[in-house]
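J.: fold the following.
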Amino acid sequence: MTANSPPTSAATPPAPPALPTNIRFVLITVFLDILGIGLIIPVLPRLVGAYLPQADMQAYWYGAIVAIYGVMQFFCAPVIGALSDRFGRRPVLLVCVFGLGMNFLMMTAVTSIYWLLLVRAIGGVTAGNISVASAYIADVSAPSERSKSLGKIGAMFGLGFICGPVLGGVLGEANIRYPFYLAAAISMANVIYGYFSLPESLSMQNRKIFSLTSANPFAGLSGLGHLRGVGALVWVYAFTMFAQFTLQTTWVLSTELRFGWTPMQNGFSLFCVGISSVVMQGVFLGRYIKRVGDANAILIGLASSATALTLYGLANQGWMMYGLILCNVLAFATGPALQAMFSRAVDARSQGVAMGSLTALASIMSVAATLAGTSLLGQVSHEPRGSLLLGAPFFMAAVVQLLALTLALRHLYKPKKAI
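T.: Okay, the predicted model is just below:
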């Protein structure tokens, strides 16, 4: 079919040549967004430490700063998703990225731990850009290709983590505020790029009237659980996000306490995370999903992740962490496979709400994981370097991941259950 073919049927799909271009535009936007976020990861704990010299207080306040971002994202991501269902993906995505850039810039001017907490809270308001990007990808992808297409967003996360944390670690060695300046500049460049290059993906006939009910995060989460074929996968996704955010929010503090790592060393460890993500989600995911299916990809990924988390906690030398990251490559198929199942369960008019609800669920899990993980790490921060107790957050995450695996096994292989 060509672009000039008459629209003889309402079911006629968009012209195939347009799809790769649209996806490429939004993926570059996501990459630049994650690059900016990745820049600040190695230095945010140091910025907290600039106001709080005590190790235990750093852990608690760092947890509060990460948590407040997640709380605001929980309440605002469904609103942003519903707005994108009403007004289109393009304008909402650009506003979110602009807000992110302004937030990075504001963080360079904070003068106390309280101002830092407030600025991160403001940043959480416009943190729904990834859910809008996911809805965009769902708009332009066939249902059978959604795992692969959504995996490309994960690959952009990986690329952002390849470049961002390493560069942020290097800049942070010179000045802890330099990465925030660069992140702000990248976000603003991203807005300009998107304004001129990003086409709209949601047609007028598929737009949905905005309502406060659909934008309510609690109603959205309840709606996810009632989607056809989803059921307990909501809890699987929630527990998976809890384990993932426990790892993310305690990684830098834990490696500093256990191995004496600097921002540069933490940047290189996140570089390895990015490599693993890109290899799986950007190169092999499509073929892997076709071979094993979404259900098996979820189960294998959860098993791999639970094993890796346990070994992270047991590691007594820093070099072991790098090897474990690279061996955990199959875990990166879990998220796209789960998201694809949710996406296929809703119609084209509700992709934004569905992706926003998933983002809200991930946000509330990030809050719970951050508070639990950093509090646990704060309790053991007095332990000597090399103590297994300093790996306690990883052990907790491994237990939660095993619970997710158990629920997934029961749901995905329940007799006569349609997925």
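
J.: now the residue lying closest to Ser197 once chain neighbours are set aside: which helix or strand?
T.: Nearest non-adjacent residue to Ser197, counting by CB to CB, 6 or more residues apart in numbering: Phe25, 5.5 Å away. All C-beta atoms are positioned from the backbone trio N, CA, C, and that covers glycine. Taking DSSP states H and E as the criterion, Phe25 maps to helix 18-40.

J.: what number of residues lie near Lys290?
T.: Neighbours of Lys290 under the rule other CB atoms under 10 Å: 11.

J.: what about it, which SS state?
T.: With DSSP: H, G, I helix; E, B strand; the rest coil as the basis, Lys290 sits in helix.

J.: change the start of the numbering to 45 and stick with it
T.: Okay, residue one is now 45; in that scheme the one you just asked about reads as Lys334.

J.: what about it, distance to Ser185?
T.: 15 Å (CB to CB, to the nearest Å).

J.: in the protein, which helix or strand is least confident?
T.: Here the helix or strand of the chain ranked lowest by mean pLDDT, DSSP states H and E is helix 261-269, holding a mean of 64.

J.: after that helix, which helix or strand is next?
T.: Assigned by DSSP H and E, the successor of helix 261-269 is helix 277-303.

J.: sorry, back to before: OK, contacts around the residue nearest to Ser241?
T.: Shown in contact with Phe69 (CB atoms under 8 Å, 6 or more residues apart in numbering): 238, 241-243.

J.: of these, which is the nearest to Ala276?
T.: For the contacts of Phe69, the residue nearest Ala276 by CB to CB is Leu242; the value is 36.3 Å.

J.: excluding chain neighbours, what is closest to that closest one?
T.: Leu242 sits nearest to Phe69 (CB to CB, 6+ apart), 4.9 Å away.

J.: can you tell me the closest non-neighbouring residue to Ile109?
T.: Arg164 (5.1 Å).

J.: what is the neighbour count of the one you found?
T.: 23.

J.: residues near Ile236, how many?
T.: Ile236: 11 neighbours (other CB under 10 Å).

J.: any idea how far Leu138 is from it?
T.: 10 Å.

J.: next: Leu415.
T.: 32 Å.

J.: compare the two (neighbour count), which wins?
T.: The neighbour count for Leu415 versus Leu138, taken as other CB under 10 Å, is higher for Leu138 (20 against 17).

J.: OK, contacts around that one?
T.: Contacts of Leu138 by CB under 8 Å, 6+ apart are 235, 238-239, 242.

J.: what about it, which SS state?
T.: Once three-state DSSP is applied, Leu138 turns out helix.
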